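*Asks:* What follows is a predicted structure for the sequence shown.
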Amino acid sequence: MLTQEQKSRVFRFIRSLKTKAFTFRDVVRFLELDSNRRRSLQHFLDELDAQRIIHRIKRGRYRLPDRENLVEGILHCHRDGYGFLVPDDRTTHSEDIFIPARGTEGALHKDRVLVKLARKTIPARRAGRGRRIRTQDKKERLEGYVVRVLERRNPSIVGKYYEHPRHSYVVPLDARINHDIRIPYQASKGACDGQLVVARITIPPDRNQISQGEIEQILGNPGDPEIEYKIVVHKFGLAVAFRPETLREADELPDHVSMGDHPDREDLRNSPVFTIDGETARDFDDAVSLRILPSGSFLLGVHIADVSHYVREGSALDLEAYERGTSVYFPDHVIPMLPPKISSGICSLKPDADRLVLSVLMELDRKGNIAAWRLKEGVLRSCRRLTYDSVSRVLVQKDPEERAIHAELVPILESMAELCVLLSKKRYRRGAVDFDLPETEIRLDEHGTVTSVLPAERNIAHRIIEEFMLQANECVAKTLSDSDGPALYRVHEEPDPLKVEEFAAFAHDLGFRLQKHNDSYRPKDFQSFVRQLEGKAEQRFLSYLMLRSFMQARYSEKNLGHFGLATRQYTHFTSPIRRYPDLFVHRLIKHTLKTESSSAWKEGTNERLPEIALHASKQERIADEAEREIEKIKKSQFMADKIGRKFDAVILSTSKQGFFVEVLQPFVDGFVPIQTLVDDFYRYDEKTRSLVGERRRRRYRPGTRLQVRLDRADLESAQLTFSVASSQ
């Protein structure tokens, strides 16, 4: 039999063909098969022929069908069975492709699949009681049908184990994986009914076969302490424990810095440099300084822990940091990218401790424009650890006690606030889009129990650090761009025009106008649109919708600009403790600072950059999903004892199945199923994205304020289900 890797290589061979025709011998040579495997290859080619992936012309000769009918990509499934293919090649198919439930053919959520395309006529919809909704023209849409799973992305599934006299099985916790896994008795590993487990799929599902697996690990019972973290760690494949060789390397690092060991570094220890972080922050990788020059200009310093000095390229520390890609932050703990010896030790810019840094020193005029900047390796000693709240008390509340404590820093902080305003105005003038959508702050007590769920507050201190870090990242990106050497950028491409037009039409129906210039949308156009929304009921949901019409920011070796920030070049430089791209950019900067770098290093780095960018972007998305998952679980736990209570809410989005609401206090969200709307028969109006009652013409649309009742808090699926309160 051919191995899975050999089958994958057959597909790589087919995709690499310059012509449509090939022979059996061509494939044999490509795979370098011995005579014992050739019969298996013939069977596999016959199978592909039966699936119409290839066509056999005559014995030993094959041709490809029209390429435009076959698309590869990642399948994203919905809990109701259907899904969407996200194509690998966006140049050919810019839109996601709908996959009906009958067309998934045993493929699971996030599998890489090969899909055959077809045009499907959408039948006229019925609106109850046999009445047909009038449509001007018959509509068609592009649909796909999975013909081959190219790569299984779910080798293990987290789910709930159910005992059964005939066949025990595991139901995945992720509703998007809608195939139960049959578990033979000898493969149950002693799991008990109702326990949460990790099941490895041994036989994947297909049209004629039920999925089968074996228990890999028993996580525990649903109510066990911290069971949610075990679920998320396994669900997203997060690495928690560091490998022994990584920890050994970390233990060998020094505990302190001696300036005598670094005579070539700039001595910044006598400068008033300090950190500003959250109250519960444990590691401090960035510090700031500010001085007013005789000319009246600002000399802004952004000083970043020199992690790359200790994490050498190719070391065990480096390899594991690359694999993790980023730290993962949960409400009460973190899964770090680097061991604590580094993140909370030698690379943490603690007060009164000498630390190695890579600094960006920027001269800015009184309009916030950059006059000059330089990057320098240095040694500093932070003079103070400030928090966002303490800085806010100094600058906003003018708290006498707080100002007395930090008396020598108050003039610097006031100048920082002044510069922050100038930088913010400069970004606004060039068109940067600021959505200002609040994140969730989950507060817990000493036992880890959620005490409140609130919108996270951003004060002047948050904005100061944000503006300074943005400015430093831009200067570093410009340095890399001007160097003509290897570079890694943080890019945000222009949004898809079709998605933007669809959003603009919807916003126009609600009375808001997204203006475009010269047949294209600029960042300033979106900025102006956001200003229209200020103080309006529709502000939150329209901002969310607009954000969804944007491309997702990612890492790239190509300088594609950053649309949202309205800048030509941008990178991530300021968080090397928690993001691998920042650590890698530090290495690139150090090579740039050298008088010359070897051509071999440049060539090797350029070859690696696309892979590094792709991997870092992927790990960032995984971390974001894991953090959102824990947030949802914590919210469900917090609401579990509030069944039957009423809450003020606003509708965020609607669909044929119902609508999502955001509760104003506490800051949670959930779903109102259409079945709970019993006062009328509701149909979905696609044009206005509203649910409209046939008799009373009551309308539920995004932005509508209403009162809802909590009906269910499902801790396993982390879903909150509401209904419209009867008093409304």
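*Replies:* Nice, thanks for sending it over. Owing to the predicted nature of the structure, the values given are computational and were not obtained by experimental measurement.
*Asks:* When you work out contacts or count neighbours from here on, use the C-alpha atoms and nothing else.
*Replies:* Noted.
*Asks:* Now the terminal residues of stretch 385-401, how far apart.
*Replies:* 17 Å (CA to CA, to the nearest Å).
*Asks:* should've said stretch 373-387
*Replies:* 27 Å.
*Asks:* In it, which residues are buried?
*Replies:* 373, 375-387 (16 or more other CA atoms under 10 Å).
*Asks:* secondary structure class for Leu710?
*Replies:* What DSSP: H, G, I helix; E, B strand; the rest coil gives for Leu710 is strand.
*Asks:* how many neighbours does it have?
*Replies:* 22 (other CA atoms under 10 Å).
*Asks:* quick one: low-confidence parts of the protein?
*Replies:* Filtered on pLDDT under 70, the chain yields the residue ranges 4, 65-68, 90-92, 94, 121-140, 595-597, 726-728.
*Asks:* Can you give me the distance of Thr23 to Asp46?
*Replies:* From Thr23 to Asp46 the distance is 13 Å (CA to CA).
*Asks:* just checking, which of the buried residues of stretch 373-387 belong to strands?
*Replies:* By the criterion of DSSP state E, membership of the buried residues of stretch 373-387 in strands covers Trp373, Leu375, Lys376, Glu377, Gly378, Val379, Leu380, Arg381, Arg384, Arg385, Leu386, Thr387.
*Asks:* Reformat those as a markdown table; add distance to Arg697.
*Replies:* Output for those, formatted as a markdown table (distance: CA to CA, whole Å):
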| residue | distance to Arg697 |
| --- | --- |
| Trp373 | 62 |
| Leu375 | 64 |
| Lys376 | 66 |
| Glu377 | 67 |
| Gly378 | 68 |
| Val379 | 69 |
| Leu380 | 67 |
| Arg381 | 67 |
| Arg384 | 62 |
| Arg385 | 59 |
| Leu386 | 56 |
| Thr387 | 52 |
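*Asks:* which among those gets closest to Ala199?
*Replies:* The nearest member of these to Ala199, counting by CA to CA, is Thr387 at 44.3 Å.
*Asks:* unless I'm mixing things up, the closest one is touching Gly278, no?
*Replies:* Yes. The criterion here is CA atoms under 8 Å, and Thr387 meets it with Gly278 at 5.4 Å.
*Asks:* ok, back up a step: will you turn the buried residues of stretch 373-387 into JSON lines that also has distance to Tyr580?
*Replies:* As requested, the buried residues of stretch 373-387 are exported to JSON lines (distance: CA to CA, whole Å):
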{"residue": "Trp373", "distance to Tyr580": "24"}
{"residue": "Leu375", "distance to Tyr580": "20"}
{"residue": "Lys376", "distance to Tyr580": "20"}
{"residue": "Glu377", "distance to Tyr580": "19"}
{"residue": "Gly378", "distance to Tyr580": "21"}
{"residue": "Val379", "distance to Tyr580": "22"}
{"residue": "Leu380", "distance to Tyr580": "23"}
{"residue": "Arg381", "distance to Tyr580": "25"}
{"residue": "Ser382", "distance to Tyr580": "24"}
{"residue": "Cys383", "distance to Tyr580": "28"}
{"residue": "Arg384", "distance to Tyr580": "27"}
{"residue": "Arg385", "distance to Tyr580": "25"}
{"residue": "Leu386", "distance to Tyr580": "26"}
{"residue": "Thr387", "distance to Tyr580": "25"}
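*Asks:* now for those, which pair is the farthest apart?
*Replies:* Largest pairwise distance in those, by CA to CA, is 27.2 Å, between Trp373 and Thr387.
*Asks:* Next, count neighbours for Glu5.
*Replies:* Neighbours around Glu5, by other CA under 10 Å: 10.
*Asks:* How about Val391?
*Replies:* Residues near Val391, counting by other CA under 10 Å: 26.
*Asks:* That one: what's it in contact with?
*Replies:* Shown in contact with Val391 (CA atoms under 8 Å, 6 or more residues apart in numbering): Leu413, Ile460, Ala461.
*Asks:* Same check on Tyr570?
*Replies:* Per CA under 8 Å, 6+ apart, neighbours of Tyr570: Asn473, Glu474, Val476, Ala477, Lys478, Tyr489, Arg490, Val491, Gly561, His562.
*Asks:* Same check on Pro576?
*Replies:* Going by CA under 8 Å, 6+ apart, Pro576 touches Asp285, Ile304, Ala305, Asp306, Val307, Asp582, Leu583, His586.
*Asks:* Pro331 too?
*Replies:* Ile442, Arg443, Leu444, Glu631.
*Asks:* helices or strands next to the helix or strand hosting Phe503 in the packing?
*Replies:* Assigned by DSSP states H and E, Phe503 belongs to helix 497-509. In terms of contacts (3 or more CA pairs under 8 Å, 6 or more residues apart in numbering; DSSP states H and E), helix 497-509 is packed against helix 539-548.
*Asks:* How about residues contacting the helix it packs on?
*Replies:* For helix 539-548, using CA under 8 Å, 6+ apart, the contacting residues are Phe435, Leu437, Val500, Phe503, Ala507, Val530, Leu533, Ile651, Leu652, Ser653, Pro702, Gly703.
*Asks:* can those go into CSV with extra columns for secondary structure and neighbour count?
*Replies:* Output for the contacts of helix 539-548, formatted as CSV (DSSP: H, G, I helix; E, B strand; the rest coil; neighbours: other CA atoms under 10 Å):
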residue, secondary structure, neighbour count
Phe435, coil, 17
Leu437, coil, 12
Val500, helix, 19
Phe503, helix, 17
Ala507, helix, 19
Val530, helix, 20
Leu533, helix, 15
Ile651, strand, 24
Leu652, strand, 24
Ser653, strand, 22
Pro702, coil, 25
Gly703, coil, 20
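*Asks:* Identify the farthest-apart pair in these.
*Replies:* Going by CA to CA, the pair spanning the contacts of helix 539-548 furthest: Val500 and Ile651, at 21.5 Å.
*Asks:* that older thread, of the contacts of Tyr570, just the buried ones, PyMOL syntax please.
*Replies:* Burial among the contacts of Tyr570 is assessed by 16+ other CA under 10 Å; the matching PyMOL selection reads:
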select buried, resi 473+474+476+477+489+490+491+561+562
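*Asks:* What residue spans form the domains of this structure?
*Replies:* Using automatic domain parsing, the domain parsing of the chain gives 4-63, 67-123+136-151, 156-224, 244-488+571-628, 643-724.
*Asks:* Now distance to Ser520 too, for those, in CSV please.
*Replies:* What follows is those, written out as CSV (distance: least, CA to CA, whole Å):
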stretch, distance to Ser520
domain 4-63, 35
domain 67-123+136-151, 17
domain 156-224, 36
domain 244-488+571-628, 14
domain 643-724, 23
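*Asks:* would Val357 count as being in a strand?
*Replies:* Yes. When three-state DSSP is applied, Val357 is found to be in a strand.
*Asks:* my guess is it meets Ser382, correct?
*Replies:* No. Val357 sits out of contact with Ser382 when judged by CA under 8 Å, with a separation of 11.1 Å.
*Asks:* what's the residue closest to the geometric middle of the protein?
*Replies:* Arg621 (3.0 Å; CA atoms, centre = their mean).
*Asks:* how far out from the middle of the chain is the strand or helix carrying it?
*Replies:* Secondary structure from DSSP H and E places Arg621 in helix 599-639. When C-alpha coordinates are averaged (CA atoms, centre = their mean, to the nearest Å), helix 599-639 and its chain have centres 7 Å apart.
*Asks:* Over to Ile276. Which of the three states is it?
*Replies:* strand.
*Asks:* Tell me how many other residues crowd it.
*Replies:* 22.
*Asks:* Wait, it touches Leu386, no?
*Replies:* Yes. Counting by CA under 8 Å, Ile276 touches Leu386, with 4.7 Å between them.
*Asks:* for Ala472, what are its contacts?
*Replies:* Counted by CA under 8 Å, 6+ apart, Ala472 has contacts Val302, Val360, Phe573, Thr574.
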